[in-house]
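J.: Fold the following for me, if possible:
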Amino acid sequence: MAQQELLRQIPKVDDLLSRPDLTGQGSPYIVAQATREILDGLRRAILAEECAKMPSHDDIAGMISAQITRENTPSLRRVINATGVILHTNLGRAPLADSAVRAASAVADGYSTLEYDAVRGERGDRHAHVAGLLTRLTGAEDALVINNNAAAVLLMLAALAHGRQVIVSRGELVEIGGSFRIPQVMEQSGCILREVGTTNRTGIYDYEQAIDPEQTGALLKAHTSNYKILGFTREVQADELAALGAKHSLPFLYDLGSGAMLPLSPFGVSDEPCVSDCVSAADVVCFSGDKLLGGPQAGIIVGKKAYLDRMKKHPLARALRIDKLTLAALEATLRLYFDPEQAIREIPVLRMLSASRDSLRASARRLAALLEPVKDQFTIVDNEGQVGGGCAPTQVLPSVAIAFSPRDVSVAELERRLRCCEPAIIARVAKDRLLIDVRTINEADFDYIARKLISLLSANGQ
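T.: Here you go, the predicted structure:
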């Protein structure tokens, strides 16, 4: 009987929709949908005997308002990365340079010259916007850009070695996030995997012995960017494979993965080869746009024109083609590389990689000064960050963090509350402390971070 009485007390949808405090919160459709969802939830709770008392109409209106806010909040939205991981895959990898953001916005705002040559007044080629920039920067004969590097590997293999064997070292049969595996991509491309060597040691003779003049279509090298085999190892270098490919008239294909356009050893990253160095050896090189290049997600393919022409004519090239917003952001990013110092200043990934620990300490002190009201709950500590994105897996970046040991809330709860901010602040927990690593934070966000932390670290912070 009590259950039936509670069900009768559920307010009518129309009564709630007429409330002034709800009618102005969004489109009538969104408000009505949120109202029905909250009332349906109450009904389910009553039937499950999880509701012993009907909330007041004001409380129900508050629940509906909260639901409307959730409905109106974009699923894909900006967050603040305080983890110290520069290329955080879950957080979108490389943030774009300001010029790249402006370029994408300008193209999104109206029509564009995506496939139109305004000088000649005729149809143009979408690849022309970046092909010339890539060839000048890398020394390659031609370039092609599609939607990501996994697609680049698939297209490269399908266009150049379909139905034939592709020889690759067993130690380079990589898997990256999302279960992208070289053997599976090889199968989907219509090629036949011919693995050689052992997990830890492969020599040039292994490749040579595996070459069959009738069956072999290409030699493939995959840069192991997300793991490192140490100890008793041997790896065949690119120049050795290039010579072997030339000897047997086989294309040498190089899946470089990360795509560094500048030497990164001055910043303490020593395991990532430069694209231009690889182009001088391989016939075709492919790499990502949103990793060490610091641009948007893209699969960039550079190399000899004869091979690129075959890829451009393959049906997959259209299926995997790049869109106008990505092209605009990529073009703007590539233009920065003609002045390496400007690239390091303006491309966020390079700026974060190049930051010294002394400069990071200075940044941490500036953030700490804003946190004066809660100074008894944190200390500035040396930390170890990561490149991330499957790059330089054995290397850490000396960094600096503000480590919080909250007084009135647990570390886990503080981390949760920061995630629930808008925009969310994504931090890291280590050794029962919450770490805010300044390497990956834009200083323009310091005021916001400080305000949120001061609020959440108060005794009643929510």
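
J.: From now on I want contacts and neighbour counts done on CA atoms only, so please keep to that.
T.: Noted.

J.: so who does the nearest residue to G295 once chain neighbours are set aside touch?
T.: Among residues not flanking G295 along the chain, G289 sits closest, at 5.2 Å (C-alpha to C-alpha, 6 or more residues apart in numbering). G289 makes contacts with N148, N149, G259, G295, P296, Q297, A298, G299, I300, L330, as judged by C-alpha atoms under 8 Å, 6 or more residues apart in numbering.

J.: Which strand runs longest in this structure?
T.: Counting residues, the longest strand in the chain under DSSP state E turns out to be strand 378-388.

J.: For the contacts of G289, work out which two are farthest apart.
T.: N149 and L330 (14.2 Å; C-alpha to C-alpha).

J.: Okay, the closest residue to E175 other than its chain neighbours and V31: tell me how far apart.
T.: Closest residue in space to E175, ignoring its immediate chain neighbours: R181 at 4.3 Å, by C-alpha to C-alpha, 6+ apart. According to C-alpha to C-alpha, to the nearest Å, R181 stands 45 Å off from V31.

J.: out of those two, which sits in the busier spot?
T.: V31 (22 against 14; other C-alpha atoms under 10 Å).

J.: and the more buried one, that one's in a helix?
T.: Yes. Assigned with DSSP: H, G, I helix; E, B strand; the rest coil, V31 falls within a helix.

J.: wait, isn't it in contact with R19?
T.: No. Applying C-alpha atoms under 8 Å as the test, V31 and R19 come out as separate, 10.9 Å apart.

J.: Next, count neighbours for A401.
T.: 26.

J.: Repeat that for V107.
T.: 18.

J.: need the contact list for it.
T.: K324, L325, A328.

J.: confidence score at V174?
T.: If you check V174, the pLDDT there is 74.

J.: mind checking how far it is from L137?
T.: Using C-alpha to C-alpha, V174 is found at 28 Å from L137.

J.: And G268, its phi and psi?
T.: When read as degrees, to the nearest 10, the backbone of G268 gives phi 90, psi 10.

J.: quick one: it and P398 touch, right?
T.: No. Assessed by C-alpha under 8 Å, G268 is found out of contact with P398, at 9.1 Å.

J.: Provide a complete list of residue ranges assigned to strands in the stretch 301-450 of the chain.
T.: Under the criterion DSSP state E, counting those that start in this stretch, the stretch 301-450 of the chain contains strands at 378-388, 397-404, 424-426, 428-430, 433-437.

J.: Using a markdown table, lay out these together with mean pLDDT.
T.: Shown next, in a markdown table, are the strands of the stretch 301-450 of the chain (pLDDT from 0 to 100):
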| stretch | mean pLDDT |
| --- | --- |
| strand 378-388 | 92 |
| strand 397-404 | 95 |
| strand 424-426 | 98 |
| strand 428-430 | 94 |
| strand 433-437 | 97 |
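
J.: what's the closest of those strands to E443?
T.: Closest among these, once you apply C-alpha to C-alpha, is strand 433-437, at 11.7 Å.

J.: how many other residues sit next to the residue nearest to S363 when sequence neighbours are not counted?
T.: Counting by C-alpha to C-alpha, 6+ apart, S363 lies nearest to V438, which is 6.8 Å off, once chain neighbours are set aside. Residue neighbour count, defined by other C-alpha under 10 Å, stands at 27 for V438.

J.: Please give the element, helix or strand, for L16.
T.: helix 13-17 (DSSP states H and E).

J.: CA atoms only: put the next helix or strand after that helix into CSV for me.
T.: Going down the chain from helix 13-17, the next helix or strand is helix 20-23, by DSSP H and E. Output of helix 20-23 as CSV, limited to C-alpha atoms (Å, rounded to 0.1, in the frame of the first residue of the first chain):
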residue,chain,number,x,y,z
PRO,A,20,9.4,29.0,-14.3
ASP,A,21,12.7,27.7,-12.8
LEU,A,22,12.7,24.9,-15.4
THR,A,23,11.3,26.5,-18.5
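
J.: what residues does helix 20-23 touch?
T.: L16, L17, V31, A61, I64, S65.

J.: so which of those comes closest to K313?
T.: Distances from K313 to these, taken by C-alpha to C-alpha, are shortest for V31, at 50.5 Å.

J.: circling back to that earlier point, could you dump the contacts of G289 to a markdown table with neighbour count?
T.: Shown next, in a markdown table, are these (neighbours: other C-alpha atoms under 10 Å):
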| residue | neighbour count |
| --- | --- |
| N148 | 21 |
| N149 | 25 |
| G259 | 26 |
| G295 | 28 |
| P296 | 28 |
| Q297 | 22 |
| A298 | 25 |
| G299 | 25 |
| I300 | 25 |
| L330 | 27 |
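
J.: Which of those residues fall in helices?
T.: Using DSSP state H, the subset of the contacts of G289 located in helices is N149, L330.

J.: Show me the domain layout of the protein.
T.: Per automatic domain parsing, the structural domains of the chain span 2-72, 79-88+352-456, 98-346.

J.: how long is the first one from one end to the other?
T.: In this case it means domain 2-72. Taking C-alpha to C-alpha as the criterion, the two ends of domain 2-72 lie 36 Å apart.

J.: Can you tell me how far R181 is from L173?
T.: 7 Å.

J.: repeat for L367
T.: 44 Å.

J.: and those two? which has more neighbours close in?
T.: L367 (20 against 17).

J.: if you skip the residues just before and after it, what's nearest to the more buried one?
T.: F446 (5.9 Å).

J.: where in this structure is pLDDT low?
T.: 1, 176-180, 225-233, 390, 392-394, 459-462 (pLDDT under 70).

J.: Show me the residue sitting in the middle of it in space.
T.: By C-alpha atoms, centre = their mean, the mean C-alpha position of the chain lies nearest to R93, the distance being 2.5 Å.

J.: My read is that that one contacts G389, right?
T.: Yes. With contact defined as C-alpha under 8 Å, R93 reaches G389; the gap is 6.6 Å.
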